[in-house]
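Student: okay, predicted coordinates and the sequence, questions at the end:
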Amino acid sequence: MNNSSIDIEVKRLKISIEVATLFSMFIWLVKLIEIIEGEPFFQHGLLPRSFSGLLGIFTAPLIHSDFNHLLNNTITIFILITGLVYFYRDLWYKILLMSWLLSGMMVWIAARTSYHIGCSGLIYAIASFIFFSGVIRKNINLMAISLLVIFLYGGLIWGVLPIFPQISWEYHLFGGVTGAILALIYRKQGPPPQTWSWMNETPEDNDDIPEYWDTEIFDNSDKKKL
């Protein structure tokens, strides 16, 4: 990799971090405004099957119940958005927007009648998209990011099950479903399948190898093809 390629990659990473930082700062700003006003913002969350709750499709991912909830989500969403923007530089904004809207719409249609808040649904959507996209494309880098998120966000798998009533498992579930669907829809866009240098290498001729070894190898490969 030459210097110009390295500069391009560094610039891409810088832009990715900047986008993730801006989003993280924005959800903290929302929490700060909530504290200053002295009124909880949960009523601006997503309330399924109610006309007023439709607004929550847009606002719910920005609202968090407390600082612990906010901090946990901030770390995870920062990593995911950074990876999303870096690997999908021409597609990330579509994935982010559709993850936001589709997961929210599913929650509004099918979730329990209670206020749903937090960006964890968005986290599940992006993590699911990156993971399944990595599987489809055979791209280990993408799968590694999602596995890192699973490690940091310990309850990622259990979060889609109705184990804890105070947690919006529906947002988690529909976020994961949304990400998987988007990975299929955009399977032909984004980073190409990963290849390794050894796959492109051609065997070197070696005059020291007896001829019968060459013949035997050729025959074996013929049988494998059959």
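Tutor: It's in.
Student: just the helices in this protein please.
Tutor: 3-37, 56-59, 67-87, 92-110, 120-137, 140-152, 169-185, 211-225 (DSSP state H).
Student: buried sites along the fifth one?
Tutor: Neighbour-count burial for helix 120-137, counted by 16 or more other C-beta atoms under 10 Å, picks out 120-134, 136-137. No exception for glycine: its C-beta is placed from N, CA and C like everyone else's.
Student: again with the fourth one
Tutor: For helix 92-110, a neighbour-count test (16+ other C-beta under 10 Å) marks 92, 95, 96, 98, 99, 100, 102, 103, 104, 106, 107, 108 as buried.
Student: save those residues as a markdown table, and put in distance to residue 36 and pLDDT too.
Tutor: As requested, the buried residues of helix 92-110 are exported to a markdown table (distance: C-beta to C-beta, whole Å; pLDDT from 0 to 100):
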| residue | distance to residue 36 | pLDDT |
| --- | --- | --- |
| 92 | 32 | 95 |
| 95 | 33 | 97 |
| 96 | 28 | 97 |
| 98 | 32 | 98 |
| 99 | 29 | 98 |
| 100 | 25 | 98 |
| 102 | 32 | 97 |
| 103 | 29 | 97 |
| 104 | 26 | 97 |
| 106 | 33 | 97 |
| 107 | 28 | 97 |
| 108 | 29 | 97 |
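Student: nearest to residue 18, of these?
Tutor: The closest of these to residue 18 turns out to be residue 92 (C-beta to C-beta; 12.5 Å).
Student: before we move on, back to that, out of the helices of the chain, indicate the one that is most buried.
Tutor: Ranked by mean neighbour count, the helices of the chain are led by helix 120-137 with a mean of 26 (mean count of other C-beta atoms under 10 Å).
Student: which helix or strand in this protein has the lowest average pLDDT?
Tutor: One helix or strand of the chain scores below all others by mean pLDDT, DSSP states H and E: helix 211-225, with a mean of 45.
Student: any idea how far residue 60 lies from residue 19?
Tutor: Distance, residue 60 to residue 19, using C-beta to C-beta, to the nearest Å: 21 Å.
Student: repeat for residue 165
Tutor: On the measure of C-beta to C-beta, residue 165 and residue 19 end up 34 Å apart.
Student: just residue 164 next, same as before
Tutor: Remark: distance between residue 164 and residue 19 (C-beta to C-beta) = 31 Å.
Student: again, but for residue 133
Tutor: Separation of residue 133 from residue 19 (C-beta to C-beta): 18 Å.
Student: now swap in residue 93 and tell me
Tutor: 9 Å.
Student: cool, and residue 168?
Tutor: Distance from residue 168 to residue 19, by C-beta to C-beta: 25 Å.
Student: also residue 98?
Tutor: Residue 98 is 16 Å from residue 19, by C-beta to C-beta.
Student: now do residue 166
Tutor: Taking C-beta to C-beta, one finds residue 166 at 31 Å from residue 19.
Student: surely residue 119 meets residue 27?
Tutor: Yes - in this structure, residue 119 is within contact of residue 27 by C-beta atoms under 8 Å, at 6.5 Å.
Student: okay, and the common contacts of the two?
Tutor: Common neighbours of residue 119 and residue 27 (criterion: C-beta atoms under 8 Å, 6 or more residues apart in numbering): 61, 62, 64, 73, 77.
Student: among these, name the least confidently predicted one.
Tutor: pLDDT across the shared contacts of residue 119 and residue 27 is lowest for residue 73, at 92.
Student: in contact with that one, which residues?
Tutor: 27, 64, 118, 119, 120, 123.
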